[in-house]
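> Let's see this in three dimensions:
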Amino acid sequence: MEQKMEQKMEQKMEKACPLVWEKIYSNQMENGKEIMKEFEENGKLIGLVLSPPQAGKTGMLCACIKESIEKGIGYENIFIITGLSS
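Modelled structure (predicted):
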């Protein structure tokens with residue numbers, strides 16, 4: 001049962017991810033790679049991203065996720081925790 005659920009989730013990811021990956025701009029990919037490099041090389045466990053609205057934070061986080069998946073980290077081990085305020 002659990003294996004079937006995992007397969008369904010993987011199929012959904014395969015369908016959804018190319019749509020998201022196409023919308024990541026080159027500067028977001030570069031920033032995402034830089035952030036992932038910090039996690040890998042310097043043993044960082046937590047990161048904080050601060051920038052003004054419409055600066056590309058979401059795309060950069062998607063780039064980080066893409067880098068992680070490409071390096072073999074399972075999507076079930078990737079967590080993005082955000083806080084919203086009004």
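> Next, the residue nearest to the spatial centre of the chain: secondary structure please.
Residue closest to the mean C-alpha point of the chain, counted by C-alpha atoms, centre = their mean, is Ile65 at 2.0 Å. Put simply, Ile65 is helix when judged by DSSP: H, G, I helix; E, B strand; the rest coil.
> Any idea how many residues pack against Gly59?
Using other C-beta atoms under 10 Å, Gly59 has 18 other residues around it. Yep, even glycine has a C-beta here, placed from its N, CA and C like the rest.
> for Asn31, same thing?
Asn31: 20 surrounding residues under other C-beta under 10 Å.
> What of Tyr25?
12.
> Quickly note the distance from it to Met60.
Distance from Tyr25 to Met60, counting by C-beta to C-beta, to the nearest Å: 9 Å.
> Next up, the contacts around the closest residue to the residue nearest to the centre of the chain other than its chain neighbours.
With sequence-adjacent residues excluded and distances taken as C-beta to C-beta, 6 or more residues apart in numbering, Ile65 is closest to Ile78, at 5.7 Å. Contacts for Ile78 (C-beta atoms under 8 Å, 6 or more residues apart in numbering) come out as 65, 68-69.
> Phi and psi next, for Ile78.
Main-chain dihedrals, Ile78, degrees, to the nearest 10: phi -110, psi 130.
> any idea of the pLDDT on it?
Note for Ile78: predicted pLDDT of 84.
> Please report the distance of it from Glu67.
10 Å.
> And for Ile24?
Ile24 is 10 Å from Glu67, by C-beta to C-beta.
> next one: Tyr25
Tyr25 is 15 Å from Glu67, by C-beta to C-beta.
> ok so, going back, what is in contact with Ile24 and Glu67 at once?
Gly32.
> Just give me the closest of the contacts of Ile78 to Ala55.
Using C-beta to C-beta, Ile65 comes nearest to Ala55 of the contacts of Ile78, at 17.8 Å.
> Please name the residues that touch that closest one.
75, 78, 80.
> quick check, nearest of those to Gly43?
Ile78 (17.4 Å).
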